[in-house]
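> take this sequence and fold it.
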Amino acid sequence: MDETEVPIFDFSPLKEFLKKRGYTVGTREAYEPFVPEDVKPADVSNGTMSFTTEGIFVKGNDGIERQVFLYKKDYHLKRFGKPRYHICKCEVIDDFISRGRFKQHYVRANSEPVPVIDLDNGNRLEQIYTLPLCAFCKKMMSSYGSLTTTQFIEVLKSANKNSEEDYEGVERDLFGYTKDWDLISKQYREKHHYTCERCGLKIDDAYDRQFMHVHHKDGEKLNNKEGNLQCLCLYCHAHVDDNHMKKLTTGANKYIYEDFIYKYPR
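The predicted structure is shown next:
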């Protein structure tokens with residue numbers, strides 16, 4: 001998060017609560033959004049997903065577990081409103097697992113919007129934000145009341161971030177990066193063969209490799225863990241969010257960006 005941004009919610013107490021309950025221990029690492037996916041029987045039987053009273057986790061191809069939420073994709077939006085979402089092994093999810101009731105079409109997600117099939121409107125696919133929390137999950141997390149999916153996603157994004165105390169004594173350059181950032185960035189780009197991890201563009205020209213950047217997923221310039229880094233071309237880096245767009249396409253960077261688009265048109 002940039003220094004100019006003001007957080008909408010103060011999640012400090014909940015963040016610490018989730019940390020203590022196992023959300024960020026062991027191989028459970030930084031937040032990385034993915035497209036909502038259907039939950040399949042094999043996900044439970046083969047260990048791809050784990051369900052505990054502290055959270056619901058999905059193991060990625062990198063072996064890292066990331067917390068997610070579940071919700072029913074097929075729903076009567078007019079009759080019942082938005083579907084409830086689940087963040088732990090509550091009574092509903094426990095019954096879902098034990099009975100293997102996968103016909104109910106549960107979906108796992110960690111980002112918004114989420115797709116919902118509106119059974120009250122000809123099975124029309126809707127994109128929904130801010131699902132309400134399941135009453136049973138709320139009971140298990142009673143100290144913190146109700147969280148919408150929007151708020152819970154903010155928790156997921158911030159729960160793995162280190163505090164300023166964790167970086168105390170770390171030397172920074174004028175731009176806020178670690179002193180060895182140039183070397184770390186070069187080595188990471190070389191490891192990924194100067195190929196954008198988002199669009200797949202590969203840059204072979206040695207001079208044009210300046211157009212391949214290394215992005216910090218959590219926005220913390222001092223967090224150089226490999227799981228927090230991403231090799232992105234200039235176009236994809238600029239399109240991370242509005243702040244990156246402004247920084248990388250205006251002022252002196254405008255000409256660099258235009259040169260890139262000219263050489264590598266979209």
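
> residue 121 contacts residue 77, doesn't it?
Yes: between residue 121 and residue 77 there is a contact under C-beta atoms under 8 Å: 7.1 Å. The way it works is simple: take the backbone N, C-alpha and C, and place the C-beta from them, glycine included.

> the two: which is more packed in?
Using other C-beta atoms under 10 Å, the more surrounded residue of residue 121 and residue 77 is residue 77, with 17 against 12.

> okay, now the unreliable bits of the stretch 51-200 of the chain?
Flagging of the stretch 51-200 of the chain using pLDDT under 70 yields the residue ranges 62, 100-103, 141-145, 159-168.

> and the strands in it, which stretches?
With strands called from DSSP state E, counting those that start in this stretch, the stretch 51-200 of the chain shows them at 55-59, 65-72, 74-75, 85-86, 106-109, 114-118, 124-128.

> residue 185 is nearest to which of those strands?
Ranking the strands of the stretch 51-200 of the chain by proximity to residue 185 (C-beta to C-beta) places strand 65-72 first, at 24.4 Å.

> strand 55-59 and that closest one, what's the angle between them?
Relative orientation of strand 65-72 with respect to strand 55-59: 110 degrees, computed using axes from the mean of the first three to the mean of the last three C-alpha atoms, to 10 degrees.

> on that earlier part again, dump the strands of the stretch 51-200 of the chain to TSV, plus mean neighbour count and distance to residue 154.
Listed next are these as TSV, based on neighbours: other C-beta atoms under 10 Å; distance: least, C-beta to C-beta, whole Å:
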stretch	mean neighbour count	distance to residue 154
strand 55-59	20	16
strand 65-72	23	13
strand 74-75	18	24
strand 85-86	24	14
strand 106-109	22	14
strand 114-118	18	15
strand 124-128	12	17
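
> out of those strands, flag the one nearest residue 152.
Residue 152 sits nearest to strand 65-72 of all the strands of the stretch 51-200 of the chain, at 6.3 Å, using C-beta to C-beta.

> still on that earlier bit, the strands of the stretch 51-200 of the chain into TSV, with extra columns for distance to residue 192?
What follows is the strands of the stretch 51-200 of the chain, written out as TSV (distance: least, C-beta to C-beta, whole Å):
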stretch	distance to residue 192
strand 55-59	22
strand 65-72	21
strand 74-75	39
strand 85-86	34
strand 106-109	27
strand 114-118	30
strand 124-128	32
